[in-house]
Structure formats: structure tokens, C-alpha cells
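S.K.: Build the 3D model from these lines:
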Amino acid sequence: MHIIRNLDQLPASARGGAVTIGNFDGVHRGHVAIVQRLLERADAVAGPAVVFTFDPHPVRILRPEQCPPPLTWTERKAELLAAQRVDWIVAYPTDEALLQLTAAEFFERIVIHSLAARALVEGPNFYFGHNREGTIDRLKQLTAAANVSLDIVPPVVIEGQIVSSSRVRELVRTGNVEAAANLLSAPYRIRGMVTHGAGRGAKIGFPTANLSGIDTLLPAQGVYAGRAEFGEQSYPAAINLGPSPTFGDAMIRVEVHLIGMAEPLYGQPLEVDFLARLRDIRPFDSPEALVAQLHHDIDDVKRIAGS
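M.R.: The predicted model follows:
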């Protein structure tokens, strides 16, 4: 997988293949279906499989007050797409100039001139160009005139509902991370930098990494089983997302206890997968009662996330 941010630096090996354009937030199973067709079309035209995405999401520039928190950051998106065997991802820096292009201008400049696409693969709800004027019907006209093949991949339906980023976002927002994972190509993940906290976890035998700078959607408050990725290592993790009512602390924190990790991680980046929600956050009568519950939580984490 290669990430390109400047189309002027696009190598010849990234041109002349099959292209799909979209935000691909979360890289869910609907996106995977599009990518699978993309790979088929890339093989058919003997060219690369290219995903063209936007960084940031156009809505963040056009209507920032309406832009929801993202499900993935660009590097994570690329990692998930690489797992699907995509050759290139173009993370185009979204700006006003791009958003002002008409549908025909976008098609000519991006699809034909920059990417030299020979095949295009999209979902049925794809729009492009200024004010989303480019519809699927308009895309059919443009691709036919340019002798570019066009595949429209139907949406993926699970349990009677279309898989979409908005559906995943709602599941994550309500803490149903297991259902979200069923729609995604991998468990839901956040990232942050480890900072100093109050130090209470270490005092009761459960040291935690406190995450700050999280730039994606946070699940609902609660205690979760997960896995923490640090460098090349992966650890089962108990995640406390919320306040610490037993100690009278109302501040919302993301605290991660890495099972089997004894080293301090201050100042280091940490990525955390959410595998299952274990329970609500609630006050306990004493620190001892909290410790007893934490032992039960750790047993649940080991059962769900492995050891």
C-alpha cells in the first residue's frame, strides 16, 4: 500500500488502472464489496487498484458544524485498505479549489488526466463535483464518452439494513462495539497519546495509560474489553471510558490497562481496539469493592481478548 497526497507526484505505476472514489470512513463491509470489485477490474485492465479519498472529509470544509467525528484517520484507513490488497490510496488534501470543480471538470482533471483511469467502480449513492451535481447517471455519460468502464456495486445489506458509515457511527456512539465490528472490516479502533493521569490505577494495582488527543468518534461511556497495539506488540486491554465516580472525579477520561505490560508509556502513541462492552461505569462503596470488580473485568477481558 502506498499513500499519495500530491497528484503531481503520482508515479506511472499508479496510473492506467481501476479507480474508486469516496470517503471510505471506517472501511466497512460495503466498502470491502466495492474494493473486491475494484480488484477484479484492475486485473481485467492489467493495472493498479487505486482508492481516491479525501482528507479531510469535504463536509468538514463546506459545513463544519454538520461534520460528524470520523471513524478512522487516514493512516488507519490506508492500513485497512492494504489488508484488502489495494495498491494505492490517494489521500487528496481537500480544499476550496477541489470543491468548486464541476462534475465534468472533476472527472476530466482527476479521473482522466491525473489517474488515467481505465475502469471506475462506485456505490449507488456516489456524488461528485460542485454541490454534488454529479450523479450516477452523469457518471455513466462521462465514462461512456471517455471509454472508461463503470461498475456500480450494490449496497451490502446485513440484518435487513444497508451497511453505511452512519450506521456504524450510531452503533459506536451507543457503545455497541460488537455490532459495529460485524459491519466493519476490523474491530473499531481509536488512537491517542499516553499522558499522565491521577495515578490512582497504579495505587490499587491496575496502572492505566491515559489517552489524549483522540481524533475519532468515542464510544459511549463504559468499561470495555479490547486490545492495545503498542509498536509491534498487542496486549489484552481493559478500557475505562468515562469518569471515576468512586473517587468523586467527574472528568471524562480514556484509561487503558494493558494486561502484561509493566513499562510506563508516557509520551508514546497507543492504538486501542474495542471488542466488547462489559458494563456501565458506577460508583463503588470503597476502593476495595472497586478492586474486586476490576478483577472480574480482567477475567472477562482475558476471555474475550485472549492472553
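S.K.: Find the residue ranges of this protein scoring beneath the pLDDT cut-off.
M.R.: Confidence mapping of the chain against pLDDT under 70 gives the ranges 1, 198-199, 201-202, 307.
S.K.: Now do the domain split for it, please.
M.R.: The chain breaks down by automatic domain parsing into domains covering 2-161, 187-305.
S.K.: can I get these in TSV with distance to residue 181?
M.R.: In short, each C-beta sits where N, CA and C put it, glycine included. Listed next are the domains of the chain as TSV, based on distance: least, C-beta to C-beta, whole Å:
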stretch	distance to residue 181
domain 2-161	10
domain 187-305	5
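S.K.: among those, which is nearest residue 172?
M.R.: Among the domains of the chain, domain 187-305 comes nearest to residue 172, with 5.3 Å by C-beta to C-beta.
S.K.: Tell me how far that closest one lies from the chain's centre.
M.R.: Chain-centre distance of domain 187-305: 20 Å, with C-alpha atoms, centre = their mean, to the nearest Å.
S.K.: what about the domains of the chain, which gets the closest to residue 171?
M.R.: With respect to residue 171, and counting by C-beta to C-beta, the nearest of these is domain 187-305 at 8.6 Å.
S.K.: Tell me which stretches of the stretch 1-150 of the chain form helices.
M.R.: For the stretch 1-150 of the chain, the helices defined by DSSP state H, counting those that start in this stretch occupy 29-45, 58-62, 74-83, 96-99, 103-106, 136-146.
S.K.: next one: the last one to chain centre, how far?
M.R.: If I follow you right, that is helix 136-146. For helix 136-146, the distance to the chain centre is 30 Å (C-alpha atoms, centre = their mean).
S.K.: Could the C-alpha coordinates of it be exported in PDB?
M.R.: The C-alpha coordinates for helix 136-146 follow below in PDB (Å, rounded to 0.1, in the frame of the first residue of the first chain):
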ATOM      1  CA  ILE A 136     -24.500   8.200 -11.200                       C
ATOM      2  CA  ASP A 137     -26.400   8.900 -14.400                       C
ATOM      3  CA  ARG A 138     -24.000  11.800 -15.200                       C
ATOM      4  CA  LEU A 139     -21.100   9.500 -14.400                       C
ATOM      5  CA  LYS A 140     -22.400   6.900 -16.900                       C
ATOM      6  CA  GLN A 141     -22.400   9.600 -19.600                       C
ATOM      7  CA  LEU A 142     -18.900  10.800 -18.800                       C
ATOM      8  CA  THR A 143     -17.400   7.300 -18.600                       C
ATOM      9  CA  ALA A 144     -19.100   6.200 -21.800                       C
ATOM     10  CA  ALA A 145     -17.700   9.300 -23.700                       C
ATOM     11  CA  ALA A 146     -14.200   8.600 -22.300                       C
END
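S.K.: contacts for that helix?
M.R.: Applying C-beta atoms under 8 Å, 6 or more residues apart in numbering, the contact partners of helix 136-146 are 103-104, 107, 111-112, 120, 122, 124, 126, 128, 148-150, 152.
S.K.: May I ask which two of these are separated the most?
M.R.: Largest separation among the contacts of helix 136-146 by C-beta to C-beta: 112 and 124, giving 22.5 Å.
S.K.: More neighbours: which of those two?
M.R.: Higher neighbour count among residue 112 and residue 124: residue 112, with 14 against 10, using other C-beta atoms under 10 Å.
S.K.: Tell me the buried residues in stretch 226-234?
M.R.: Neighbour-count burial for stretch 226-234, counted by 16 or more other C-beta atoms under 10 Å, picks out 226, 227, 228, 229, 230, 234.
S.K.: Next: stretch 122-132.
M.R.: 122, 123, 126, 128, 129.
S.K.: For those, could you give me TSV that also reports distance to residue 62?
M.R.: Converted to TSV, those look like this (distance: C-beta to C-beta, whole Å):
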residue	distance to residue 62
122	20
123	20
126	17
128	14
129	13
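S.K.: is it fair to say residue 171 lies in a strand?
M.R.: No. Note on residue 171: no strand contains this position according to DSSP: H, G, I helix; E, B strand; the rest coil, which reports helix.
S.K.: Helices of the stretch 151-300 of the chain, residue ranges please.
M.R.: Per DSSP H, counting those that start in this stretch, the stretch 151-300 of the chain carries helices over the ranges 165-173, 177-183, 200-203, 287-305.
S.K.: Save the ones you listed as JSON lines, and put in distance to residue 142 and mean neighbour count too.
M.R.: As requested, these are exported to JSON lines (distance: least, C-beta to C-beta, whole Å; neighbours: other C-beta atoms under 10 Å):
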{"stretch": "helix 165-173", "distance to residue 142": "25", "mean neighbour count": "19"}
{"stretch": "helix 177-183", "distance to residue 142": "31", "mean neighbour count": "20"}
{"stretch": "helix 200-203", "distance to residue 142": "57", "mean neighbour count": "14"}
{"stretch": "helix 287-305", "distance to residue 142": "48", "mean neighbour count": "15"}
